[in-house]
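Trainee: fold the following.
(chains A and B)
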Amino acid sequence: MIDKIRSADRRRVGVLTSVGDRWRALTKWQQAIGLAAFVAFLYYLPLLGVPGLTWLRTDSIEGGNNWAGVLFVCAIYVLVAIGLNVVVGLAGLLDLGYIGFFAIGAYSVALFGSVNSPVVKWIQQEFNLPPTWAVTWAICLFIAIVLTMISGVLLGWPTLRLRGDYLAIVTLGFGEIIRIVARNATGLTNGPVGISAIPGPEGPPSVDNKVFGLIDAKPWYWLAITFVLIMVILVRRLEHSRVGRAWLAVREDEDAAAVMGVYPFKFKLWAFAIGAALGGLSGFLFGSRNAFIDPTQFNANLSILFVAMVVVGGSGNMIGVSLGAVLLAYLPERFRDFADYRWLVFGLAMVLVMILRPQGLVPSRRRARELKDRAADAEEVPAHV
Amino acid sequence: MHFDELIGHLGQHTVDGLSKGAIYALIALGYTLVYGVLRLINFAHSEVFMVGTFAVLILWTQLGVQNNPPVGQAILFLVLGLVVAAAASGGTALALERIAYRPLRRKNAPPLIFLITAIGLSLVFVELFGQVLPKLLGGVLPEAFGRPRQIVGMPTIIQQETLFTIGNTAITNIQLIVFVAAVAMMAILDWFINRTRYGRGVRAVAQNPETAALMGVNQERVIMLIFVLGGIMAGAAALLWSMRFGFTQNSIGFVLGLKAFTAAVLGGIGNLRGALLGGLFLGIVEVYGASLFASNWEDVIAFVVLIVVLMFRPTGLLGESLGRARA
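Mentor: Got it, this is the predicted structure:
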């Protein structure tokens, strides 16, 4: 049985690699046309109506279809996966506190953009501003990215000198600290009550909002997918730059990288900050779309879900992690009757993928080779002597 | 900040912290043993503890234990509880090793892959006890699985009473039992590792696996042994927890496991006596911190302690060793 699955899997990977090779063999023009068609398809996606695939139940409207809403969640999870992939897949740092950055992003737009937040109220009082005043959405975006980058550096500065497995536990603690602070610091975050009236691109939620309303999720999806595409291009450029090569070098052998003049700490910190900013951007979109956040939305299980997206998809490969994110966001919605079991399935999927296919569903070619080398080393010296 | 409160009740807080830390220390031993030999964080160890508490719960409810039984019966229930919890936790730990870690070890997988597997396993166990077992056994064992994902209470075996007071410090019978039992378990483990033939095998593999193998130590058996030992200690912690706090939940392991790991790192991971010291220290710091700020900041204090320790003394208070000092 397992052998059959293995051989089927090998055939699947064979097809994937041949598709990849064919794609690389195309001319620049053909590639550009293919990409343009794919992007157009992504924008058309919410209008697609395939029974069984795109009809997703929603609890808010009787008989309603939540396809666009689920697509939006897929898109912001893809953002998270791309960000976490920079940290886990490229720089090789296991970050189990990614939800912390997501939460900081969501709380930045809530704290500065909502008229109900204690921060905005304080600013209104200090500067004699009208009670309807709040920071505009676009500036909140800027604040969210800056704050998450700063928090990434603040977390990374003391902890990035640690061994890999220690780092994982410390970041897990960091995610919990952020959640507990959000819950306990009632004077800053309203605590468990949460913050409502978080603005979208058209300002605070109201019935007058023509495009970014609470009901129709399509514009939100188009907004999110636009951010995703921009970030994919930026991260791709980074990956193939000097910085990206430095990350790979640090991941594969830190000492060798240091000898070659790559200062590991600096590049790890960069990976952390950039990953954090992407997580913050995703959280920003989440808070903005939800219009209401409270601390229970940012529990540690989500951090583990984020890591699961990256490792199941294939860490180090942007296409792989995006696929992982889409699968892990879409499948629980599609099979809602079994939603109770989603965490069980995620856990099992993580264990099975790690034991049977540690390089993930769509492996990064370089990463697959590294794991193969290690396994070959193990065969030379039998582990059970 | 409530400095007066802290200073005024310093003795009481210390006693509370010690009895809390004793449980952390017992769980921390599991992390330390596995790390000392395999250099891996067994993230799923917190779930080994959780399984132990459920074993105690099922045993006591099945025996029909009433609140406040007579002393003779109470001792019997506690001893039975220890046996069952140790068997359940030890068995779980062994199963984790055989099913998940062994195939990875064969492939010489990098540490992060072990960690991710362990996280997945931990999630599987939490869901098993929160979702699957309630569906399967909800009718058979309603006391344990009747209310999935909720906190379930246990019968009170020992009524809490103040034994004696020194100044304004009251020491209760439960605190004393927890502390003495935990230290006794650790003393036995310490003796086992440092004085017996099997313990010598464990230390040998921790020092140098290849040489140990050449000297005739069966490495696989040592690895199984340490998982079982860690499980038994977690089982003992589960019993003490059940006796002291009288409740459990499927998600109980997460925060407790993180704290126990903090305790292990604090004392020097891989170092048995360090785990005791780290656990007690963490318990005291937490209680002091909770009285200084507010009790809902308790978890934050533990994590901040972890970060600070790792920054300034990553090898912990006593240094890392399960056989020798390591670079």
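
Trainee: just the buried residues of the helix or strand containing residue A:34, please?
Mentor: Per DSSP states H and E, residue A:34 falls inside helix A:28-44. With burial defined by 16 or more other Cβ atoms under 10 Å in any protein chain shown, the residues of helix A:28-44 counted as buried are residue A:42. In short, each C-beta sits where N, CA and C put it, glycine included.

Trainee: now swap in stretch A:143-158 and tell me
Mentor: Quick answer for stretch A:143-158 (16+ other Cβ under 10 Å): A:143-145, A:147-149, A:151-152, A:155-156.

Trainee: need those residues in JSON lines with secondary structure, distance to chain B and pLDDT, can you?
Mentor: Output for these, formatted as JSON lines (DSSP: H, G, I helix; E, B strand; the rest coil; distance: Cβ to the nearest Cβ, whole Å; pLDDT from 0 to 100):
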{"residue": "A:143", "secondary structure": "helix", "distance to chain B": "24", "pLDDT": "95"}
{"residue": "A:144", "secondary structure": "helix", "distance to chain B": "23", "pLDDT": "95"}
{"residue": "A:145", "secondary structure": "helix", "distance to chain B": "24", "pLDDT": "95"}
{"residue": "A:147", "secondary structure": "helix", "distance to chain B": "19", "pLDDT": "95"}
{"residue": "A:148", "secondary structure": "helix", "distance to chain B": "19", "pLDDT": "96"}
{"residue": "A:149", "secondary structure": "helix", "distance to chain B": "20", "pLDDT": "96"}
{"residue": "A:151", "secondary structure": "helix", "distance to chain B": "14", "pLDDT": "94"}
{"residue": "A:152", "secondary structure": "helix", "distance to chain B": "15", "pLDDT": "94"}
{"residue": "A:155", "secondary structure": "helix", "distance to chain B": "9", "pLDDT": "89"}
{"residue": "A:156", "secondary structure": "helix", "distance to chain B": "12", "pLDDT": "90"}
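
Trainee: looking at those residues, which is nearest residue B:247?
Mentor: Nearest to residue B:247, judged by Cβ to Cβ, of the buried residues of stretch A:143-158 is residue A:155 at 33.5 Å.

Trainee: am I right that the closest one is in contact with residue A:171?
Mentor: Yes. Counting by Cβ atoms under 8 Å, residue A:171 is a contact partner of residue A:155 at 7.0 Å.

Trainee: for residue B:65, see how far away the nearest residue to residue B:277 once chain neighbours are set aside is.
Mentor: Among residues not flanking residue B:277 along the chain, residue B:267 sits closest, at 4.6 Å (Cβ to Cβ, 6 or more residues apart in numbering or on different chains). Separation of residue B:267 from residue B:65 (Cβ to Cβ, to the nearest Å): 35 Å.

Trainee: that older thread, what touches both of residue A:155 and residue A:171?
Mentor: Counting by Cβ atoms under 8 Å, 6 or more residues apart in numbering or on different chains, the shared contacts of residue A:155 and residue A:171 are A:97, A:100.

Trainee: what residues does the stretch 101-250 of chain A have near chain B?
Mentor: A:158-159, A:162-166, A:168-170, A:172-174, A:176-177, A:180-181, A:183-184 (Cβ under 8 Å from any Cβ of the partner chain).

Trainee: what does the stretch 201-327 of chain B have sitting close to chain A?
Mentor: B:209-210, B:213, B:219-220, B:254-255, B:258, B:261-262, B:265, B:294, B:296-297, B:299-300, B:302-304, B:306-307, B:310-311, B:314.

Trainee: which residues of the chain score low on pLDDT?
Mentor: Using chain A. Within chain A, the ranges that satisfy pLDDT under 70 run A:57-64, A:378-385.

Trainee: look at chain B instead
Mentor: Counting by pLDDT under 70, chain B has low-confidence residues at B:320-327.

Trainee: break down it into its strands, ranges please.
Mentor: Ranges of strands within chain B are B:152-153, B:162-166, B:169-172, B:247-248, based on DSSP state E.

Trainee: against residue B:76, how distant is residue B:240?
Mentor: 17 Å.

Trainee: tell me what the strand or helix carrying residue A:141 is packed against?
Mentor: Using DSSP H and E, the element containing residue A:141 is helix A:137-159. Packing contacts for helix A:137-159, counted by 3 or more Cβ pairs under 8 Å, 6 or more residues apart in numbering or on different chains; DSSP states H and E, involve helix A:98-113, helix A:164-184, helix A:264-290, helix B:298-312.

Trainee: deepest-packed of those helices, please.
Mentor: For those, the largest average neighbour count (mean count of other Cβ atoms under 10 Å in any protein chain shown) is found in helix A:98-113, namely a mean of 29.

Trainee: run the chain-centre distance for that one.
Mentor: Mean-position distance between helix A:98-113 and its chain equals 14 Å (Cα atoms, centre = their mean, to the nearest Å).

Trainee: neighbour count winner among residue B:267 and residue B:65?
Mentor: residue B:267 (29 against 20; other Cβ atoms under 10 Å in any protein chain shown).

Trainee: what about the more buried one, distance to residue B:195?
Mentor: 21 Å.

Trainee: ok, residue A:278 next?
Mentor: Where residue B:195 is concerned, residue A:278 sits at a distance of 54 Å (Cβ to Cβ).

Trainee: same question, residue B:212
Mentor: 18 Å.

Trainee: the two: which is more packed in?
Mentor: residue B:212 (22 against 9).

Trainee: what about residue 1, how many residues nearby?
Mentor: Looking at chain A here, since you left the chain open. The burial count assigned to residue A:1 is 5, neighbours taken as other Cβ under 10 Å.

Trainee: wrong one, I was asking about chain B
Mentor: 7.

Trainee: ok, it touching residue B:293?
Mentor: Yes. Look at residue B:1 against residue B:293 with Cβ under 8 Å: they come within range, at 7.1 Å.

Trainee: okay, and the common contacts of those two?
Mentor: Joint contacts of residue B:1 and residue B:293 (Cβ under 8 Å, 6+ apart) do not exist.

Trainee: which residue sits closest to the closest residue to chain B within the stretch 51-200 of chain A in space, ignoring its chain neighbours?
Mentor: When distances are taken as Cβ to the nearest Cβ, the stretch 51-200 of chain A reaches nearest to chain B at residue A:173, 3.5 Å away. Nearest in space to residue A:173, with sequence neighbours left out and distances taken as Cβ to Cβ, 6+ apart, is residue B:303 at 3.5 Å.

Trainee: list the contacts of that neighbour.
Mentor: A:173-174, A:176-177, B:258, B:262.

Trainee: and of the residues you listed, the nearest to residue A:375?
Mentor: Nearest to residue A:375 among those, with distances taken as Cβ to Cβ, is residue B:258, at 31.6 Å.

Trainee: check contacts around that closest one.
Mentor: A:169, A:172-173, A:176, B:46, B:302-303.
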